[in-house]
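1. Structure, please.
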Amino acid sequence: EKKKKKAPADAAPKKQAPSADIDASAFDIRVGKIVEVWEHEESEHLWCEKVDLGEGEPRQILSGLRNFYTKEEMQDRTVLVLCNLKSRKLGGVPSHGMVLCASNAAHTEVEFVVPPENAKIGERVTFDGYDGDPEAENKFAKKKMLEKLAPDLKTDENGVVVWKNAKSVTSAGPCIASKGMKGAQVS
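-> Numbering: from 1, shown residues only. Model (predicted):
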């Protein structure tokens with residue numbers, strides 16, 4: 001018969017960090033430029049993109065935007081990319097990041113969220129009052145930070161990207177929904 005091991009009396013119980021400790025500084029959102037676009041061979045919904053994020057080599061990212069944007073509208077577009085996502089396969093093709101867009105609740109209207117014209121490729125987007133370092137990909141995934149943070153990533157009444165009403169910030173100003181979509185979810 002197996003005996004249960006008792007924890008030492010002085011051992012502190014394991015505590016999970018409250019989600020209140022996780023804030024918008026965990027995001028690693030960067031300014032990128034789509035430098036190459038092609039159709040996913042097996043999915044009519046996915047675009048495959050190479051995105052220059054100032055990292056030396058462009059990242060390959062897949063986006064479910066074929067119902068909303070043509071190849072020509074994607075090519076050379078300046079976008080915002082959530083960079084601290086682990087690489088994963090979509091339709092069998094590796095994708096390392098997520099191009100961010102604003103969408104209505106029904107997901108029938110979708111538009112890019114974009115940096116100001118003079119923002120630099122690779123520049124990190126932060127949010128007013130949340131200046132900490134972004135979380136590493138592994139921690140971001142393990143702690144399910146995207147699931148906890150994403151519901152508060154939206155556009156405000158002026159189409160500006162906000163997290164809990166804290167405005168997005170770049171060296172050139174705030175980021176916006178490309179066509180001004182107000183009160184939209186950003187993902």
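2. And the helices in the chain?
-> Shown for the chain, the helices assigned by DSSP state H span residues 71-74, 137-142, 145-149.
3. Relative to the whole chain's centre, how far out is the last one?
-> Averaging C-alpha coordinates over helix 145-149 and over its chain gives two centres that are 10 Å apart (C-alpha atoms, centre = their mean, to the nearest Å).
4. ok, now the second one?
-> Mean C-alpha position of helix 137-142 versus that of the full chain (C-alpha atoms, centre = their mean) differs by 13 Å.
5. Over to stretch 75-82?
-> Distance of stretch 75-82 from the chain centroid (C-alpha atoms, centre = their mean) equals 12 Å.
6. So Gln75 sits against Val37, correct?
-> Yes: assessed by C-beta atoms under 8 Å, Gln75 is found in contact with Val37 at 5.2 Å. Bear in mind the C-beta positions are built from the backbone N, C-alpha and C, glycine included.
7. More neighbours: the two, which one.
-> Between Gln75 and Val37, counting by other C-beta atoms under 10 Å, Val37 is the more crowded of the two (21 against 14).
8. Output the longest strand belonging to this structure.
-> strand 29-39 (DSSP state E).
9. Could you list the buried residues of that one?
-> Neighbour counts over strand 29-39 (16 or more other C-beta atoms under 10 Å) mark 29-34, 37 as buried.
10. got it, and stretch 66-85?
-> 66, 68-69, 74, 77-85.
11. Excluding sequence neighbours, find me the nearest residue to the most centrally placed residue in the chain.
-> Central residue of the chain (C-alpha atoms, centre = their mean): Leu82, 2.8 Å from the mean position. The shortest distance from Leu82 to any non-neighbouring residue, by C-beta to C-beta, 6 or more residues apart in numbering, is to Met98 (4.5 Å).
12. Measure how far the longest strand of the chain is from the centre of its chain, please.
-> Taking mean C-alpha positions (C-alpha atoms, centre = their mean), strand 29-39 and its chain are 13 Å apart.
13. Adjacent strands (with direction) for it?
-> Sheet pairing of strand 29-39 (DSSP bridges) gives strand 47-52 (antiparallel), strand 78-82 (antiparallel), strand 124-127 (antiparallel).
14. right, so of those, which gets closest to Ala184?
-> strand 78-82 (13.7 Å; C-beta to C-beta).
15. who's in contact with the closest one?
-> Identification of contacts with strand 78-82 by C-beta atoms under 8 Å, 6 or more residues apart in numbering yields 27-34, 51, 53, 59, 61, 97-100, 112-115, 119, 121, 125, 146, 161, 175.
16. One more pass at 7 Å, please.
-> Strand 78-82 has contacts (C-beta atoms under 7 Å, 6 or more residues apart in numbering) with 27, 29-34, 51, 53, 61, 97-100, 112-115, 125, 175.
17. Next: stretch 117-125.
-> Residues contacting stretch 117-125 (C-beta under 7 Å, 6+ apart): 28-33, 52-55, 80, 115, 168-172, 175.
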